[in-house]
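>>> Pasting a predicted model and its sequence here:
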Amino acid sequence: MDFEADGQAASSGTHHQAAAPTESDVVALRAAILEKLNYHVGKRRSVATDADWLLATCLAVRDRVVDRWLAGIDTAYQQGEKRVYYLSLEFLIGRLLFDNLNNLGMTATTRAALAGMDIDLDRLRALEPDAALGNGGLGRLAACFMESMATLGIPAHGYGIRYDHGLFKQVMKNGWQQEYPEDWLTHGNPWEFERPEVCYDIGFGGSIEAVPISEAAMRHVWHPAEKVEAVAFDTPVVGWHGRRVNTLRLWSARPVDPLRLDAFNHGDHVGALSEQVRAESISKVLYPSDATPAGQELRLRQEYFFVSASLQDLVRRHIKAFGHIGTFADKTAIQLNDTHPAIGVAELMRILLDVYQLPWEDAWRTTQRTFSYTNHTLLPEALESWPLPLLERLLPRHMQIIYLINALHLGQVRKEHPEDGRLLSSVSLIDEHQGRRVRMSHLAFLGSHRVNGVSALHTDLMRETVFRDLHALFPDRIVNVTNGIAFRRWLHEANPKLTRLLVDAIGPEVLDREEAFARLRPLATDSVFQQRFAAVRYLNKLALADVIRKELEIRVDPAALFDVHIKRFHEYKRQLLNILETIALYNAIRARPMSDWTPRVKIFAGKAAASYQTAKLIIKLAHDVARVVNSDPTVRNALKVVFLPNYSVSLAEVIIPAADLSEQISTAGMEASGTGNMKFALNGALTIGTLDGANVEIREHVGPENIAIFGLTADEVAARRTRGIDAGDVIAGSPALSEVLDAVQSGVFSPDDRDRYRGLVDALRYHDYFMVCADFDSYYATQREIAALWNRPEAWWKSAIMNTAGMGWFSSDRSIREYASEIWDVPTQAV
């Protein structure tokens, strides 16, 4: 089957064998592209650049989305459908051209239309910038979920911020990470529609006026000291087969008055623009550093800005559709993607109380029925809390509401547990031990009817740790919905060669139905199929090797084992453990150069937060180790180490299909779920990992013999931390680890600054919180088992195929069906 062939789904939802694109379709699309080139871009064909052709092509494809998009909106109004709203500070949507072409079934038609004008579609694809709207797994999950909601026919809106410059562009200078602004909007965004008429005032600061409305009642009126405007930009989100198109609405901050003309005319040209700069800073960058009070305030302003605009917008939509606020909870489901939008609980209460004048009990009941909250982390620093003085100054009305929510909540707890002061302190919205801060995760928990974890292990740990006491009070509130990934993006688009092989081997149903992947299992031991599977991997590795050569001027052998670790850099994700094992392997190869070593390429990619100095130092160590290893003639091709800069969705789409081994080695109990583990396994990579996050469920679905598990369990990590985290005994018992640490600490890999890594190694020796030393020997031994398996091709490719065969359950379609039935109470359509 030509996977790029166009075709519409049959009414049953089955994807039939598609015919080649018709000549009439090709001619019509070619004419549409030329029309956009002439009348939108304003260029003749003879002088158009590739960037011009990309813009014209995107606009022509977008036109074919709009009718379906508007039809879905009309249907939602006409049928009075319940809507789902997904609030997320990140949407890592990546490039959209191939995403939309694939889901519309237009890839082959577009390729042919452009080829007839001597334009290469793949060349245009490479020009499209990644939308800089996210950082990592949180944002990519939101993007996958938006696509699945459209695929399953759920009327949904995503709400977030239209960042001008995203997180940052990572540039490496002598191995050190440097941060520069992303410039993804330099040439505009052809997929979005600006909606200047959809604009809301967002207030900050000011005072509260209590206005009597009867002898027994008061109405509170907030008079903000400052206002900014939130302007909407809409991007259509196309589901599989294009049967439904939903909306991603992102907010851009604008000043109410862009120019203080009086100041400008008095010669203060810079000061005249100060309000514009202050307002627009809200949507400039994702996650501004919170290392300063000003940075903390900007983060809170960002979160409230997008939450307030979104809630005002969705309440307006409800009133337009249904005429009154009374049915709001019946027709609205709002999902908080992590703790960032938690201020939405207080904001919806403010709208219901102050604007619609609902009684407190009705407003609180409506709020709880409407909201649900996804927790993504057990890390204390990621469970946001805000200083009371900051919240009281910036959002005084919301702080009033939070105080009352807390008072009523604690009053009920005190009634049921009258002598338990510890419990009251634990479940209070106000943390009295950290300089008086508002616990936003607690606010999200209390304001939601469901709170979900994102893997079975993570959900159990939520109940036992961060929400232990709240779970005891509300034992039915926490549920689990394990994360999933969009197969259309991470298989169909990222790995079309493997997709064609799967369709050829087990039928086109694999494109629509995740349960069809299980049909691969009987083929896992078929030698002919193994060879075809391996051949696809080799071609993907050739493509990645070419990227590495062009980007880094390093040549790698595509026949080597590609060992891949691509993640946000954080100590709990343990890139450092991988680097130390790399050094140990390097030492072993030098000591026994004539041994039959399994050729291996260690591939790293990922960003460290700008203010996270330890993570940035680990990136530098990776580069220092790569420099030494790659220049040592003793090693030859037995080991190469590469770091690909500026990790993105598009880079992941090249790396993941080429990976042989997937590094999922977080400290057990610290990774909520992970979705990278799912993407790699779907594409047939073997996982080396701890029993953490979704690794636990992946093992269940692919079989324990097809995944390499090592290290301490979550319970064992907790027990070791209780006993103490000095790693002296572990290091003393591991000659390989001792040698590695001594080499790093003494400056073997940093001759220009021999003390560079002294503090990093001291932390491992005396404060091994993330169990790097504790898990080293187990990890090293498991890596040697992996190398031995690689040298048994029949066994390796059997396990690789079993990984792909077992991954159907990890589709984001399955995740969204669970949200729809267990949390949102909305129907779904068959794919």
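That came through fine.
>>> From here on, just use CA atoms for contacts and neighbour counts.
Noted.
>>> Tell me where the stretch 1-150 of the chain has strands.
Remark: strands assigned in the stretch 1-150 of the chain by DSSP state E, counting those that start in this stretch are 83-87.
>>> May I have the phi/psi pair for the residue of the chain positioned farthest from its centre?
Distance from the C-alpha centroid of the chain peaks at Glu215, with 51.4 Å (Cα atoms, centre = their mean). Backbone torsions of Glu215, given as degrees, to the nearest 10, read phi -60, psi -30.
>>> Spell out the residue ranges of the strands in the stretch 701-831 of the chain.
With DSSP E, counting those that start in this stretch as the criterion, the stretch 701-831 of the chain has strands spanning 708-709.
>>> One more: the stretch 301-450 of the chain?
332-337, 371-374, 385-387, 430-431, 437-439, 450-453.
>>> Dump the ones you listed into JSON lines; add distance to Gly728 and mean pLDDT as well.
Compiled in JSON lines, the strands of the stretch 301-450 of the chain are given as follows (distance: least, Cα to Cα, whole Å; pLDDT from 0 to 100):
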{"stretch": "strand 332-337", "distance to Gly728": "41", "mean pLDDT": "98"}
{"stretch": "strand 371-374", "distance to Gly728": "39", "mean pLDDT": "98"}
{"stretch": "strand 385-387", "distance to Gly728": "35", "mean pLDDT": "96"}
{"stretch": "strand 430-431", "distance to Gly728": "36", "mean pLDDT": "96"}
{"stretch": "strand 437-439", "distance to Gly728": "37", "mean pLDDT": "97"}
{"stretch": "strand 450-453", "distance to Gly728": "36", "mean pLDDT": "98"}
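>>> Return the most buried member of the ones you listed.
Most buried of the strands of the stretch 301-450 of the chain, by mean neighbour count (mean count of other Cα atoms under 10 Å): strand 371-374, with a mean of 26.
>>> who touches Glu739 in this structure?
By Cα atoms under 8 Å, 6 or more residues apart in numbering, the contact list for Glu739 reads Ala584.
>>> still on that earlier bit, between the strands of the stretch 301-450 of the chain, which one is closest to Ala545.
For Ala545, the closest of these is strand 332-337, at 36.2 Å, according to Cα to Cα.
>>> And the closest one, what does it pack against?
Strand 332-337 sits against strand 83-87, helix 360-370, strand 371-374, with contacts defined as 3 or more Cα pairs under 8 Å, 6 or more residues apart in numbering; DSSP states H and E.
>>> How much space separates the residue farthest from the centre of the chain from Leu470?
38 Å (Cα to Cα, to the nearest Å).
>>> Pull the contacting residues for Leu520.
Ala505, Ile506, Ile801, Met802, Thr804, Ala805.
>>> unless I'm mixing things up, the fifth one is touching Asn677, no?
No. The pair Thr804 and Asn677 does not pass the contact test of Cα atoms under 8 Å, sitting 11.9 Å apart.
>>> Select from the contacts of Leu520 every entry located in helices.
Ala505, Ile506, Ile801, Met802, Thr804, Ala805 (DSSP state H).
>>> what's the next secondary structure element after the least confident helix or strand in the chain by mean pLDDT?
Lowest by mean pLDDT, DSSP states H and E among the helices and strands of the chain is helix 261-265, with a mean of 83. Downstream of helix 261-265, the next assigned helix or strand under DSSP states H and E is helix 274-280.
>>> Only the buried residues of that following helix, if you could.
Using 16 or more other Cα atoms under 10 Å as the test for burial, helix 274-280 gives Glu275, Gln276, Val277, Ala279, Glu280.
>>> Same question for stretch 556-564.
Neighbour counts over stretch 556-564 (16+ other Cα under 10 Å) mark Val556, Asp557, Pro558, Ala560, Leu561, Phe562, Asp563, Val564 as buried.
>>> returning to what we had before: and the gap between the residue farthest from the centre of the chain and Arg568?
Distance from Glu215 to Arg568, by Cα to Cα: 57 Å.
>>> Thr722 now?
Distance from Thr722 to Arg568, by Cα to Cα: 28 Å.
>>> More neighbours: which of those two?
The residue with more neighbours, out of Thr722 and Arg568, is Arg568; 18 against 9, by other Cα atoms under 10 Å.
>>> Just say helix, strand or coil for the more buried one.
coil (DSSP: H, G, I helix; E, B strand; the rest coil).
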